[in-house]
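Colleague: got a predicted structure plus its sequence, pasted below:
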Amino acid sequence: VQLQASGGGTVQAGGSLKLSCTASGQTFSRYAIGWFRRAPGKEREFVATISLSGTSTYYADSVKGRFRISRDNFNNVVYLRLNSLKPEDTAVYYCAASPIVAAAISAYEYFGQGTQVTVSS
């Protein structure tokens with residue numbers, strides 16, 4: 001499966017963005033999709049993940065209550081809604097596919113190119 005993240009941009013603190021992860025191939029619904037991010041000078045970190053059917057979601061504590069992940073298997077898209085953005089959310093955001101629902105990056109087999117999110121104070 002090939003993944004492409006989009007929807008990033010520059011917003012002020014407190015603002016919102018909606019990221020999209022578009023997948024090619026007919027096996028999209030067989031994968032859990034996760035979002036990760038990498039801030040300058042930091043390791044890539046888990047943000048959120050959603051199960052194959054979309055019924056289960058998990059979030060990093062740092063984004064819980066502010067971000068929301070959802071998926072549309074008919075259109076092969078996973079969304080990440082970013083609300084109440086903070087400067088520390090500034091990072092390149094990546095989506096990835098895994099056969100299992102997991103927070104560990106080692107579980108993910110396919111990664112898309114990232115999209116930059118910049119939050120100004």
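Modeller: Perfect, I can see it now. Numbers count the residues shown, from 1 in each chain.
Colleague: low pLDDT regions in this structure?
Modeller: Counting by pLDDT under 70, the chain contains low-confidence ranges at 26.
Colleague: what about the strands in it?
Modeller: Shown for the chain, the strands assigned by DSSP state E span residues 2-6, 9-12, 17-24, 32-38, 45-50, 57-59, 67-72, 77-82, 91-98, 110-111, 115-120.
Colleague: nearest to residue 104, of the ones you listed?
Modeller: Among the strands of the chain, strand 45-50 comes nearest to residue 104, with 7.6 Å by C-beta to C-beta. Quick note: C-beta positions are derived from backbone N, CA and C, even for glycine.
Colleague: quick one: buried residues of that closest one?
Modeller: 46, 47, 48, 49, 50 (16 or more other C-beta atoms under 10 Å).
Colleague: now it: how far from the chain's centre is it?
Modeller: Mean C-alpha position of strand 45-50 versus that of the full chain (C-alpha atoms, centre = their mean, to the nearest Å) differs by 6 Å.
Colleague: going by distance to residue 40, which of the buried residues of strand 45-50 wins?
Modeller: Nearest to residue 40 among the buried residues of strand 45-50 is residue 47, at 16.2 Å by C-beta to C-beta.
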